[in-house]
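> what would the 3D arrangement of this be:
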Amino acid sequence: MLNEKNSLKIVIILTFFIVVLPIAAVIFLLSYIFLIAPIPSAISFAYLLIKLKKQQNNKYSKYSNKKRLQLPFIIFGLWIIPFIISTIIAIFYSLDIYSIIIAFGLNLTFTTTCFYLPLAIYQKYFKKIAKASPLLMPPVTIIVPAYNEEKTVGLTIDSLIESDYSNKEVIIVDDGSIDQTYAIASKYKRKFPNGRFLLLRKQNGGKSSAINYALRFAKGEIIIVIDSDSIVERNALKEIVKNFENPDVVGVAGYVKVLNPSNILTNCTALEVVIAFNIVGRAFSLFGSIIIIPGALGAFRKNEILKRGMYEKDILTEDFDLTIKILKSAKITKLESSSVTYTECPTSLKDLYKQRTRWNRGNFQTLMKHKNIMTNARYGTLYNFAYPMTLLMFLIRPFATALVTAFVIIAILTGGWMSIIIPIVIFTSLQFLISSIAIVMDGKKENRKIIIYSPLMIMGYQQFLDFVGIKSILDVLLRKNFKGSSVRRIRLR
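Sure, this is the predicted structure:
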């Protein structure tokens with residue numbers, strides 16, 4: 001029988017379930033994000049530092065006999081532990097399947113962010129870097145492979161002429177172009193000192209064969225590879241070469257930026273690149289293990305390229321493959337953020353699809369080719385950090401985010417949209433924060449406007465990239481025949 005006392009109890013109970021419990025859940029979620037989520041990252045970070053310190057104090061050859069299948073601890077710290085925690089939380093709160101999947105995706109994002117972000121900030125603002133001598137300019141050879149690049153090759157060569165690095169030779173390789181690439185490049189011979197410019201022509205065989213062909217004629221002890229649609233800043237060559245004063249450094253990646261941010265798609269790509277280089281790239285560079293030295297601007301010691309068998313023709317991402325082969329020799333690869341090059345990115349979904357399909361297929365090919373890293377602790381940082389993180393980001397992340405996206409859609413269609421509002425808001429806020437930090441670290445004021453595209457890194461652009469990544473993995477597993485594809489170029493001047 002309802003009376004005043006019982007009515008008050010009912011109101012209190014309803015208030016608890018309708019108001020207090022949801023607020024408590026939100027507070028718990030926020031406390032988890034800011035207090036609990038960093039713990040696995042901190043543990044992984046500390047463990048990795050201990051391993052690196054141990055390797056620095058011992059000869060690298062001591063790891064040569066450790067050839068057993070074992071998962072690097074970082075996989076447990078950043079991927080398995082968050083999954084276990086998400087499952088426990090889901091069971092404790094009796095969450096539905098939508099909340100469980102979304103919680104795991106949220107957990108995964110925050111944990112990896114808590115790992116990369118401090119490393120990137122430390123590398124940018126706190127790590128002491130020895131100053132290189134500006135007077136030392138070892139001879140370098142710049143190789144520019146080109147195939148049907150009549151619209152861009154001239155501007156690339158112009159930027160090399162204007163470079164402030166004097167001790168250089170430039171080799172342009174026309175890889176069987178059927179347009180005016182060779183004719184345009186030939187006009188630049190008189191603008192270089194005698195013996196400093198070489199224009200080669202060969203039958204079409206792909207980028208790797210073009211670079212290998214140029215290596216026969218290269219005189220420099222340092223090889224710098226630049227794409228024929230890239231424009232290097234005036235000091236880019238000097239900044240990238242100075243890293244080689246450290247004899248253990250064998251490869252250096254330049255900082256690639258988007259040349260043509262003209263629409264939503266290219267601005268999303270520009271933001272993606274800024275985040276990749278300033279957050280993930282700096283973290284990898286801190287441990288001397290940049291795992292992909294890009295073709296748009298990358299430098300290697302020539303003797304290391306020759307020792308590792310040069311560029312492989314059977315791999316779509318030849319630069320990725322070469323970088324891993326070099327890292328297997330226990331050497332150092334770095335990112336030089338002061339060495340900047342601008343490159344054209346696709347302006348349409350069709351061209352972006354072609355580009356990313358090629359990249360993803362090649363990346364998966366390369367990761368599978370070097371899967372023996374996971375069974376051999378002698379590879380040091382490559383085994384403990386660089387390879388497993390790249391493998392899991394490439395394999396797990398697109399499937400995980402695709403699963404989260406699917407369950408978000410199902411939740412909306414089945415009326416469970418209330419349970420996903422908070423995770424979506426937190427996801428978007430986190431992405432905005434990450435994007436803001438990356439842009440601040442980049443230091444270019446003109447890049448600040450691309451922050452408005454941050455939500456598309458969560459909804460829209462990211463789903464497109466995930467689709468291409470998953471399809472590319474399946475293509476490799478199904479052993480499809482990969483044909484070369486080219487991206488439509490725009491005239492840059």
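> look up which residues are beta-bridged to the nearest residue to residue 222 once chain neighbours are set aside.
Distance criterion Cβ to Cβ, 6 or more residues apart in numbering; nearest residue to residue 222, sequence neighbours excluded, is residue 140 at 4.5 Å. All C-beta spots, glycine's among them, are computed from the backbone N, C-alpha and C. Beta-bridge partners recorded for residue 140 (DSSP bridges): residue 168, residue 222.
> report the contact partners of residue 140.
When contacts are counted by Cβ atoms under 8 Å, 6 or more residues apart in numbering, residue 140 is found next to 165, 167-169, 220-224, 237, 241, 299.
> let's see 7 Å
Residues near residue 140 by Cβ atoms under 7 Å, 6 or more residues apart in numbering: 167-168, 220, 222, 224, 237, 241.
> helix or strand next in line after the helix or strand hosting residue 241, which one?
Element membership of residue 241 [criterion: DSSP states H and E] is helix 236-241. Using DSSP H and E, the helix or strand that directly follows helix 236-241 along the chain is strand 249-258.
> return the set of buried residues in stretch 220-237.
220, 222-233, 236-237 (16 or more other Cβ atoms under 10 Å).
> next: stretch 163-177.
Residues of stretch 163-177 classed as buried by neighbour count (16+ other Cβ under 10 Å): 163, 165, 168-177.
> which of those residues sit farthest apart?
165 and 176 (29.5 Å; Cβ to Cβ).
> ramachandran coordinates for the one residue sitting closest to the centre of the chain?
Centroid-nearest residue in the chain, with Cα atoms, centre = their mean: residue 276, separated by 4.8 Å. Main-chain torsions, residue 276, degrees, to the nearest 10: phi -60, psi -40.
> how about residue 450?
The phi/psi pair for residue 450 (degrees, to the nearest 10) reads phi -70, psi 0.
> that one: how many residues sit nearby?
Residues near residue 450, counting by other Cβ atoms under 10 Å, number 23.
> and it, what's its pLDDT?
Looking at residue 450, its pLDDT is 89.
> so it makes contact with residue 266?
No: Residue 450 is beyond contact range of residue 266, at 9.7 Å (criterion: Cβ atoms under 7 Å).
> quick one: mean pLDDT over stretch 201-215.
Average pLDDT, stretch 201-215: 91.
> what residues sit buried inside that stretch?
Neighbour counts over stretch 201-215 (16+ other Cβ under 10 Å) mark 206-215 as buried.
> contacts for it, please.
Here stretch 201-215 makes contact (Cβ under 7 Å, 6+ apart) with 143, 145, 147, 171, 173-176, 182, 200, 225, 305, 310-313, 318, 484.
> if we use 8 Å, what do you get?
The contact list for stretch 201-215, computed with Cβ under 8 Å, 6+ apart, reads 141, 143, 145-147, 171, 173-177, 182, 200, 223, 225, 295, 302, 305-306, 310-313, 315, 318, 484.
> okay, how far is it across that stretch, tip to tip?
The first residue of stretch 201-215 is 14 Å away from its last residue (Cα to Cα, to the nearest Å).
> how far off centre is that stretch?
Counting by Cα atoms, centre = their mean, to the nearest Å, stretch 201-215 is centred 26 Å from the centre of its parent chain.
> just stretch 275-288 next, same as before
That offset, for stretch 275-288, works out to 8 Å (Cα atoms, centre = their mean).
> ok, now stretch 438-452?
Counting by Cα atoms, centre = their mean, stretch 438-452 is centred 18 Å from the centre of its parent chain.
> just how off-centre is stretch 461-473 within its chain?
15 Å.
> columns secondary structure on top of the buried residues of stretch 201-215, output as TSV?
Rendered in TSV, the data for the buried residues of stretch 201-215 read as follows (DSSP: H, G, I helix; E, B strand; the rest coil):
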residue	secondary structure
206	coil
207	helix
208	helix
209	helix
210	helix
211	helix
212	helix
213	helix
214	helix
215	helix
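> in TSV: these, plus distance to residue 285.
Shown next, in TSV, are the buried residues of stretch 201-215 (distance: Cβ to Cβ, whole Å):
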residue	distance to residue 285
206	29
207	25
208	25
209	30
210	28
211	23
212	27
213	31
214	27
215	26
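> low pLDDT regions in the stretch 301-450 of the chain?
Scanning the stretch 301-450 of the chain for pLDDT under 70 picks out 416-420, 422, 446.
> which residues of it fall in helices?
Assigned by DSSP state H, counting those that start in this stretch, the helices in the stretch 301-450 of the chain fall at 302-307, 318-327, 349-369, 381, 387-413, 418-442.
> so which bits of the last one are buried?
Within helix 418-442, the residues that count as buried by 16+ other Cβ under 10 Å are 420, 422-424, 426-427, 430-432, 434-435, 437-439, 441-442.
> helices or strands up against that helix?
Helix 418-442 sits against helix 21-31, helix 97-125, helix 264-275, helix 387-413, with contacts defined as 3 or more Cβ pairs under 8 Å, 6 or more residues apart in numbering; DSSP states H and E.
> angle of it against helix 387-413?
For helix 418-442 against helix 387-413, the angle between stretch directions is 140 degrees (axes from the mean of the first three to the mean of the last three Cα atoms, to 10 degrees).
> tell me how far helix 418-442 lies from the chain's centre.
Remark: helix 418-442 is offset 19 Å from the chain centroid, using Cα atoms, centre = their mean.
> next SSE after that helix?
Sequence order places helix 461-477 as the next helix or strand after helix 418-442, per DSSP H and E.
> so of the buried residues of stretch 220-237, which ones are in helices?
236-237 (DSSP state H).
> wait, residue 223 touches residue 299, no?
Yes: between residue 223 and residue 299 there is a contact at 6.8 Å, judged by Cβ atoms under 8 Å.
> if we can go back for a sec, check the residue nearest to residue 222 and give its pLDDT.
pLDDT, residue 140: 94.
> average pLDDT for the helix holding residue 241?
Averaged over helix 236-241, pLDDT sits at 93.
> name the helices or strands packed onto it?
Helix 236-241 packs on strand 140-146, strand 222-225, strand 249-258, strand 332-343, going by 3+ Cβ pairs under 8 Å, 6+ apart.
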